[in-house]
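S.K.: below is the sequence, then the predicted model.
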Amino acid sequence: MPQGVKCSVSNCSFWKQGNLCNAEQISIDIDQHASAHYDTEFAEEGLSSNHHDRAENSSVTCCHTFRPKS
């Protein structure tokens, strides 16, 4: 479980009291890949979970870990 990861999205299934994230792992990517499906397999030259990008600042990033509470 990530230690001390703060989050204010209270409708996420990983959100817990005190604004802490209870996810086992956090997945973050740049907004350009916001609609990427990391649970889908691609050919070796395709986008994979091991790809690397550079973000110029935090405003171009997004968290893929979010899962709405059911």
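M.R.: Done, it's in.

S.K.: check which element follows the lowest-mean-pLDDT helix or strand in the chain along the chain.
M.R.: In the chain, no helix or strand scores lower on mean pLDDT, DSSP states H and E than strand 28-30, which sits at a mean of 83. Under the assignment DSSP states H and E, the closest C-terminal helix or strand after strand 28-30 is strand 61-63.

S.K.: how about that following strand: buried residues?
M.R.: Within strand 61-63, the residues scored as buried using 16 or more other C-beta atoms under 10 Å are residue 63. (Glycine included, C-beta is placed from N, CA and C.)

S.K.: what mean pLDDT does that strand get?
M.R.: If you average the pLDDT over strand 61-63, you get 85.

S.K.: quick one: list the elements packing against it.
M.R.: strand 28-30 (3 or more C-beta pairs under 8 Å, 6 or more residues apart in numbering; DSSP states H and E).

S.K.: contacts for the least confident helix or strand of the chain next, please.
M.R.: Residues from elsewhere that reach strand 28-30 (C-beta atoms under 8 Å, 6 or more residues apart in numbering): 36, 53, 55, 60, 61, 62, 63, 64, 65.

S.K.: may I see the buried residues of that strand?
M.R.: Buried residues in strand 28-30 (16+ other C-beta under 10 Å): residue 29.

S.K.: could you do stretch 18-29 as well?
M.R.: So for stretch 18-29, counting by 16+ other C-beta under 10 Å, buried means 21, 23, 29.

S.K.: quick one: which of those is nearest to residue 14?
M.R.: Set against residue 14, the nearest of those by C-beta to C-beta is residue 23 (4.0 Å).
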